[in-house]
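>>> turn this into a model:
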Amino acid sequence: MILTIDVGNTRIKGAVFEVDTLLEQFVFEKIELEKKIKIILEKYKKCQFLVVASVGDVEKQVFLAFEKDIKVHFVSHSDVFPFVNKYETPKTLGIDRMVLAAGAVLKYPKQNRLVIDAGTCVTYDFIDENDNYLGGAISPGIQLRYKALNGYTSKLPLLVAQQPQSFVGSSTKESIHSGVVNGLVYEINGFIEEYQGINPNFIIILTGGDTVFLAKRLKNTIFANSNFLLESLNQTFQYKIKND
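Residues are numbered from 1 along each chain as shown. Prediction:
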């Protein structure tokens, strides 16, 4: 049994797996981390490994405090991954993006894959059918776009994300919703079309906190799975165990 933890920029997500079966998942704030892990390990006493992928600012010591109860592993660039990393600056590639790429390779073998992670940032990662990681793109996520409009202007309000009622915003609020949401949808569709121009034969995996919010608005056929990073983290660790 494996407890996977994804420390993101905003929140922490976790899941308990029995081989490839997701038994339970969790979402909580960083301040709750220690308490939540204690509760999870009390419930799932057969957990053997705590596997952590982090792009956030949580200290490793918080996790290492549980070493007396469970084996702790931090996913790092030195781990074994099922792809060839052809990023020009491989050490700067985010661990979350590496885990997503690994999950795409393991779940969808011998295919071209585009992984789109719609969270605090929106990341695009392309892995070809020969399991070469080629790179991608990073842009602001939905919440960052709303916050930027509010933070860098004197009069635009900070809004909670919602689907725009119309393409043509009839008020300032509707204009913001249309600009943020439709703008991101057009961006994602535009990226997909560019990749299709390079190689028309690939699958698209959409994941991240805004998966459900965005999925129905995208015109391309996608595999939408908001838990894909946690599932990939489990699969990546199992791959490491088998191939170390």
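>>> contacts only, for the nearest residue to residue 215 once chain neighbours are set aside.
Among residues not flanking residue 215 along the chain, residue 224 sits closest, at 4.2 Å (CB to CB, 6 or more residues apart in numbering). Using the backbone N, CA and C atoms, a C-beta is placed for each residue, glycine as well. Going by CB atoms under 8 Å, 6 or more residues apart in numbering, residue 224 touches 206, 207, 211, 212, 215.
>>> distance of the third one from residue 38?
This means residue 211. Distance of residue 211 to residue 38, given as CB to CB, to the nearest Å: 29 Å.
>>> and those two? which has more neighbours close in?
When neighbours are counted by other CB atoms under 10 Å, residue 211 comes out ahead of the other of residue 211 and residue 38, with 20 against 13.
>>> so which bits of the lowest-mean-pLDDT helix or strand in the chain are buried?
When the helices and strands of the chain are scored by mean pLDDT, DSSP states H and E, helix 60-64 comes last with a mean of 88. For helix 60-64, burial by neighbour count (16 or more other CB atoms under 10 Å) applies to residue 63.
>>> tell me the helix or strand right after that helix.
Using DSSP states H and E, the next helix or strand after helix 60-64 towards the C-terminus is strand 71-74.
>>> pull out the buried residues from that next one.
So strand 71-74, judged by 16+ other CB under 10 Å, has buried residues 72, 73, 74.
>>> what do you get for stretch 145-156?
For stretch 145-156, the neighbour count (16+ other CB under 10 Å) marks 145, 146, 149, 156 as buried.
>>> domain-wise, how is the chain divided?
For the chain, automatic domain parsing gives the domain ranges 2-74, 84-233.
>>> where among these is average confidence lowest?
Among the domains of the chain, domain 2-74 carries the lowest mean pLDDT, a mean of 90.
>>> any idea how far apart the tips of that domain sit?
Chord length of domain 2-74, first to last residue, is 13 Å (CA to CA, to the nearest Å).
>>> excluding its backbone neighbours, what's nearest residue 76?
Nearest residue to residue 76 in three dimensions, chain neighbours excluded: residue 95, at 7.0 Å (CB to CB, 6+ apart).
>>> tell me the contacts of the one you found?
53, 54, 55, 75, 76, 77.
>>> would you mind giving those residues as JSON lines with neighbour count and secondary structure added?
Putting the contacts of residue 95 into JSON lines (neighbours: other CB atoms under 10 Å; DSSP: H, G, I helix; E, B strand; the rest coil) gives the following:
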{"residue": "53", "neighbour count": "27", "secondary structure": "strand"}
{"residue": "54", "neighbour count": "20", "secondary structure": "strand"}
{"residue": "55", "neighbour count": "15", "secondary structure": "coil"}
{"residue": "75", "neighbour count": "22", "secondary structure": "coil"}
{"residue": "76", "neighbour count": "11", "secondary structure": "coil"}
{"residue": "77", "neighbour count": "12", "secondary structure": "coil"}
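>>> what is the nearest of those residues to residue 181?
Nearest to residue 181, judged by CB to CB, of these is residue 55 at 24.5 Å.
>>> state the phi and psi torsions of residue 140.
phi -70, psi 140 (degrees, to the nearest 10).
>>> make sure it is actually in contact with residue 121.
Yes - contact criterion CB atoms under 8 Å: residue 140 and residue 121 qualify, at 6.4 Å.
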